[in-house]
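> next input, structure requested:
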Amino acid sequence: MEYTFLRDLAIIIIFAKCFGIVARKLKAPSVVGEIIAGLLIGPSFLGLVDQSQFLVMMAEIGVILMMFSAGLETNLKELIKTGPVALAIACCGVFIPLAGGTLLYWGFYGMAPMGSHEFYKAIFIGVIMTATSVSITVQSLKEMGKLKGKVGTTILSAAIIDDVIGIIVLTFVIGFENPDSNPGQVVINTVLFFILAIVVGFVLYKIFNKLDKRYPHTRRIPILSVGLCFALAYVAEEYFGIADITGAYVAGIILCSVKDHDYIEEKADIASYMIFGPIFFTGIGLKTDFSTLDLSILLFSIGFVGVALITKIVGCGLMAKICKFSAHDSLKIGIGMMTRGEVALIVSQKGLSVGLLDPIYFTAVILLIIVSSISTPIMLKILYGKDKVPEEA
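Numbers count the residues shown, from 1 in each chain. Predicted coordinates:
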């Protein structure tokens, strides 16, 4: 047996942690540091680690666990309470970036015939732009004491719905792109999966609730929960032709209202934080290939960042204005929704695995995460600093 995988794991975890700490010291998300660590130890620079099949599978487990955690963090009661306003803002915040990203790709590489592989590659660029990572916005609003205000609550709820819609769009695009797929069958499979998720999810929720009451705060609950996560990820991919991350996300949604959902997330997150997460994020860096980086890719990356930021501000801000928010508060909502992070990377990784995204475009995604993560807190602080009256809660 070859034991080089142990050396690779040691290098990945140590470099990822060190660079993650440096990134946080510089007020950037730790994932940015982990990606840069992957770039440094990968073939583009030092060449210490090569992307192996083992690391690919470990990264896939990492992305499944992260989507499971995202589902667990969803607050269904808050989601229902915010109602149509957050839904409308989220829908507009998905549609405008989706269209903007597609048009950007066509502008650089020409419009492809509908249904062709290039056509779906263009749409996929738009799909990456739909993802919202609200964690940085939440932290900024917390520090300013504005998270529980009307604007903060709307941003939080819209971001959750935004990710749900984004995952559904991703599911459809991957399904349609398969040359053997029947568009009608893709729609039927997707609908059937979500019907199954609702019916089986309700039963599983009741079972887990009973187990939770009988064995509160015991490790058997998180263990069974992770088992459910992997089972639904497998069923989604194998039997419905839907992305495994969709199944993992649905598993998290099913359990997000269980009393001990925080405990489940805490235990499930340990493995993700210590091993699988760093492997996934450094894997992004390992896959990024700078050897083909040229002026056109650099210009595309700059355009990608600009379009991704502007379309979120315009899409979410415009719908907020239509929903009777003031122009000032609408701008806050638009800027609050423009951050990108883990979900954008997860979507990009999925696109790479199915052939919808070339590794060179990870440069654009990483640049978007860095720019949006730095600019959003600064812009929100400036906007809230201009408030003349306290915000309505």
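> burial of residue 14, as a residue count?
By other C-beta atoms under 10 Å, 13 other residues sit near residue 14. No exception for glycine: its C-beta is placed from N, CA and C like everyone else's.
> next one: residue 187
Neighbourhood size, residue 187 [other C-beta under 10 Å]: 13.
> got it, and residue 332?
Burial of residue 332 is recorded as 28 neighbouring residues (other C-beta under 10 Å).
> what is the mean pLDDT for the helix or strand that contains it?
For residue 332, the element it lies in under DSSP states H and E is helix 327-336. Model confidence over helix 327-336 averages 89 on the pLDDT scale.
> so what touches it?
Under the contact criterion C-beta atoms under 8 Å, 6 or more residues apart in numbering, helix 327-336 has outside partners 89, 134, 137, 141, 150-152, 154-155, 158, 312-318, 320-321, 325, 376, 379-380, 383-384, 386-387, 391.
> how does it look with 7 Å?
Outside helix 327-336, the residues within contact range by C-beta atoms under 7 Å, 6 or more residues apart in numbering are 89, 137, 151, 154-155, 312-314, 316-317, 320-321, 325, 376, 379-380, 383.
> next one: it to chain centre, how far?
22 Å (C-alpha atoms, centre = their mean, to the nearest Å).
> got it, and stretch 286-304?
With C-alpha atoms, centre = their mean as the basis, stretch 286-304 stands 21 Å off its chain's centre.
> so for that stretch, mean pLDDT?
Across stretch 286-304, the per-residue pLDDT values average to 80.
> so, low pLDDT: which residues of the stretch 151-300 of the chain?
For the stretch 151-300 of the chain, applying pLDDT under 70 flags the ranges 177-184, 186, 288-292.
> so which residue is dead centre in the chain?
Among the residues of the chain, the one closest to the centroid is residue 343, at 1.0 Å (C-alpha atoms, centre = their mean).
> quick one, what contacts residue 287?
By C-beta under 7 Å, 6+ apart, residue 287 lies in contact with 51, 352, 359, 362.
> out of those, flag the one nearest to residue 124.
Using C-beta to C-beta, residue 352 comes nearest to residue 124 of the contacts of residue 287, at 10.1 Å.
> hey, C-alpha coordinates of the helix or strand encompassing that closest one in PDB?
Assessed by DSSP H and E, residue 352 sits inside helix 342-353. Presented in PDB, the C-alpha positions along helix 342-353 are these (Å, rounded to 0.1, in the frame of the first residue of the first chain):
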ATOM      1  CA  GLU A 342     -18.700  28.500   0.400                       C
ATOM      2  CA  VAL A 343     -21.800  27.900  -1.600                       C
ATOM      3  CA  ALA A 344     -20.300  29.500  -4.700                       C
ATOM      4  CA  LEU A 345     -17.200  27.200  -4.300                       C
ATOM      5  CA  ILE A 346     -19.500  24.200  -3.800                       C
ATOM      6  CA  VAL A 347     -21.400  25.000  -7.000                       C
ATOM      7  CA  SER A 348     -18.200  25.600  -8.900                       C
ATOM      8  CA  GLN A 349     -16.700  22.300  -7.700                       C
ATOM      9  CA  LYS A 350     -19.900  20.500  -8.800                       C
ATOM     10  CA  GLY A 351     -19.600  22.200 -12.200                       C
ATOM     11  CA  LEU A 352     -16.000  21.000 -12.500                       C
ATOM     12  CA  SER A 353     -16.900  17.400 -11.700                       C
END
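> for that helix, packing partners?
When contacts are defined as 3 or more C-beta pairs under 7 Å, 6 or more residues apart in numbering; DSSP states H and E, helix 342-353 sits against helix 53-72, helix 117-130, helix 150-177, helix 277-287, helix 362-385.
> all good on my end, thank you.
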